[in-house]
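**Student:** Got a predicted structure here, sequence first:
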Amino acid sequence: MDIKFNKNEDHNKQLVSQLNHRLEKIKLGGGQKKIEKQHAKGKLSVRERVNYLIDKGSRVIEIAAFAGYGMYKEYGGCPAGGVVVVIGYVSGRQCVIVANDATVKAGAWFPISTKKNLRAQEIAMENKLPIIYLVDSAGVFLPMQDEIFPDKEHFGRIFRNNAKMSAMGIPQISAIMGSCVAGGAYLPIMSDEAIIVNGTGTIFLAGSYLVKSAIGEEVDNETLGGAETHSEISGVVDYMVETDQEALTKIRSLMSKMGKAKKACFDRVESKEPLKDPKEIYGIFPHKRDLPFNFHEIIERLVDNSEFDEYKANFGKTIICGYARIEGWAVGIVANQRTIVKTKSGEMQFGGVIYSDSADKAAHFIMNCNQKKIPLVFFHDVTGFMVGKRSEHGGIIKDGAKMVNAMANSVVPKFSIVSGNSYGAGNYAMCGKAYDPRLIVAWPSSQLAVMSGASAAKTLLQIQLSSLKARGEEISKEEENKMLENITNKYTEQTSPYYAAARLWTDAIIDPLETRKVISMGIEAASHNPIKKKYKTGVIRT
């Protein structure tokens with residue numbers, strides 16, 4: 001291998017190592033001592049519950065492990081948003097699992113916790129997957145109630161979704177394994193079936209202290225809303241069990257008896273491993289953002305048998321389009337190409353930029369995939385659309401709008417992998433979060449922003465300098481350089497994949513070697529919801 005390959009490999013493996021180290025820390029939730037307190041109460045930790053529930057040896061995708069990462073420092077942080085969400089298999093059925101982490105502020109809901117729960121429900125609704133809730137939460141985090149309670153995408157939306165999913169025929173099962181208080185009490189009871197653990201599970205609209213304050217009645221929490229109360233007197237729950245393990249076993253039993261949904265007709269054959277070693281991706285993907293490389297080499301290490309049927313290979317070369325299979329599933333791939341190319345007319349096209357011909361090709365290819373019911377996979381490494389007089393006169397806005405229209409109206413499932421840059425309108429055209437990909441994940445090498453850190457910093461610096469000049473203030477070159485450094489550092493931090501994942505702009509940060517699994521499990525999930533809409537674009541300017 002050459003020096004360039006080794007540099008790339010060392011850099012990317014370091015990024016993956018950093019990713020794994022951060023994930024291990026997040027998996028401790030509120031810390032080992034709080035996990036031990038859970039055990040002392042006879043309760044499993046949140047991840048022990050999830051691991052006990054899912055089929056042994058089966059694959060999972062964890063959603064939003066980095067939710068809240070680096071946020072809420074004034075409150076001591078909120079690892080994973082205080083809730084674990086996975087797509088996994090229970091009794092052979094693919095499903096979504098949502099589990100509160102009581103070691104993080106007693107499982108209280110922060111704003112990001114609500115956003116993460118809504119995303120889990122969205123995945124279940126889009127794919128018609130059963131959803132399982134493992135409830136152990138103190139309710140809304142009161143110091144931030146104004147950011148959690150009243151708005152459309154706040155806490156109440158969760159119960160609205162419970163009702164909508166029930167009407168859609170999406171199975172919901174809840175296990176009350178700890179506190180379940182106030183508005184949060186509706187979540188398990190709006191599920192189809194509810195299980196409660198005797199001695200640790202409680203459910204009520206108001207706890208004993210609030211009851212005494214509100215109506216003067218003295219009652220202990222167990223009598224008010226414990227397992228025996230709700231299984232023998234109120235009839236609120238359906239099953240009472242004695243331990244966490246029994247509750248999880250009951251869920252497995254209930255899941256095993258569900259009827260199987262009719263699946264969509266996405267084409268799948270026997271899976272084949274890539275002929276070219278996927279581990280070589282580490283050495284191929286550049287260690288610097290401005291270095292060109294050929295994305296074909298990445299595709300060949302991700303698709304079955306390394307076979308790729310490229311569409312319009314000699315036209316619009318800054319976007320690669322073509323058909324392949326991933327773990328047997330037929331897919332249509334749309335990928336940005338960072339290599340600088342020369343057109344037949346002699347024009348140089350810079351890699352990572354979308355030109356009119358690239359956008360036109362991608363739009364037509366997206367339409368073809370919808371026509372043939374082939375799921376779409378987008379690989380982001382884009383700096384945006386080409387600018388300048390020549391591009392504007394050539395109608396770049398019109399051609400970009402055509403691509404966005406074709407992609408936004410797609411009826412086939414879309415999946416986005418942010419491998420490198422994902423800037424500005426390029427993020428939109430390549431099916432960014434705003435365009436409803438079934439899953440959007442990022443490699444540790446990714447960046448998401450309106451533009452690159454260097455470009456944005458220079459623009460922001462000029463704005464600040466103009467403002468100072470308007471006030472009659474002058475600064476030295478040294479002060480100007482310091483300002484540029486501060487602006488660059490702040491902006492670069494905001495382009496980080498961890499910054500994006502903390503805010504759920506992406507569903508996960510993954511090792512590139514997990515890409516095949518994520519796409520395959522994603523298409524399997526999407527196959528539970530057959531396509532009923534006809535593909536139809538809006539008005540397209542020609």
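**Tutor:** Okay, I see it.
**Student:** Can you show me the helices along the stretch 101-250 of the chain?
**Tutor:** Per DSSP state H, counting those that start in this stretch, the stretch 101-250 of the chain carries helices over the ranges 111-127, 156-168, 186-189, 208-215, 221-225, 227-228, 244-256.
**Student:** mean pLDDT for those helices: which is lowest?
**Tutor:** The weakest mean pLDDT among the helices of the stretch 101-250 of the chain belongs to helix 208-215, with a mean of 80.
**Student:** Quickly note the distance from the closest residue to I189 other than its chain neighbours to I333.
**Tutor:** Nearest residue to I189, sequence neighbours excluded (CB to CB, 6 or more residues apart in numbering): V236, at 6.0 Å. Where C-beta positions appear, they are placed from N, C-alpha and C, glycine not excepted. Look at V236 and I333: by CB to CB, to the nearest Å, they are 50 Å apart.
**Student:** just V241 next, same as before
**Tutor:** Where I333 is concerned, V241 sits at a distance of 47 Å (CB to CB).
**Student:** Could you check which of those two is surrounded by more residues?
**Tutor:** More crowded of V241 and I333, by other CB atoms under 10 Å: I333, with 27 against 20.
**Student:** I figured that one was touching F379, is that so?
**Tutor:** Yes: counting by CB atoms under 8 Å, I333 does reach F379; the two are 6.9 Å apart.
**Student:** so what sits against both of the two?
**Tutor:** Applying CB atoms under 8 Å, 6 or more residues apart in numbering, one finds that I333 and F379 are jointly contacted by I299.
**Student:** Can you classify S391 as helix, strand or coil?
**Tutor:** helix (DSSP: H, G, I helix; E, B strand; the rest coil).
**Student:** isn't it right next to S356, touching?
**Tutor:** Yes: the criterion here is CB under 8 Å, and S391 meets it with S356 at 7.0 Å.
**Student:** Show me which of those two is the more surrounded one.
**Tutor:** The residue with more neighbours, out of S391 and S356, is S356; 21 against 17, by other CB under 10 Å.
**Student:** if I look at the nearest residue to A108 once chain neighbours are set aside, how far off is A99?
**Tutor:** Excluding the flanking residues, the one nearest A108 by CB to CB, 6+ apart is F141, at 4.1 Å. Distance of F141 to A99, given as CB to CB: 18 Å.
**Student:** Measure how buried the closest residue to S520 other than its chain neighbours is and give me the count.
**Tutor:** Using CB to CB, 6+ apart and skipping the chain neighbours, the partner closest in space to S520 is E327 (3.7 Å). Other residues within reach of E327 by the criterion other CB under 10 Å amount to 20.
**Student:** what about the strands in the stretch 351-500 of the chain?
**Tutor:** Counting by DSSP state E, counting those that start in this stretch, the stretch 351-500 of the chain has strands at residues 353-354, 376-382, 384-385, 414-423, 439-442, 447-449.
**Student:** right, so of the ones you listed, which gets closest to K517?
**Tutor:** Among those, strand 439-442 comes nearest to K517, with 10.4 Å by CB to CB.
**Student:** give me the beta-bridge partners of V441?
**Tutor:** Beta-bridge pairing for V441 (DSSP bridges): I417, A508.
**Student:** Give the full set of residues in contact with it.
**Tutor:** Applying CB under 8 Å, 6+ apart to V441 gives the contacts S416, I417, V418, T506, D507, A508, I509, I510, T515, V518.
**Student:** in this structure, what spans have low per-residue confidence?
**Tutor:** Residue ranges of the chain with pLDDT under 70: 1, 183, 346, 348, 453, 456.
**Student:** longest helix anywhere in it?
**Tutor:** helix 3-26 (DSSP state H).
**Student:** Was I right to think the residue nearest to S520 contacts R516?
**Tutor:** Yes: here E327 lies in contact with R516, judged by CB under 8 Å, at a distance of 5.8 Å.
**Student:** of all the strands of the stretch 351-500 of the chain, which lies closest to Y323?
**Tutor:** Distance to Y323, taken as CB to CB, is lowest for strand 376-382 among the strands of the stretch 351-500 of the chain, at 10.7 Å.
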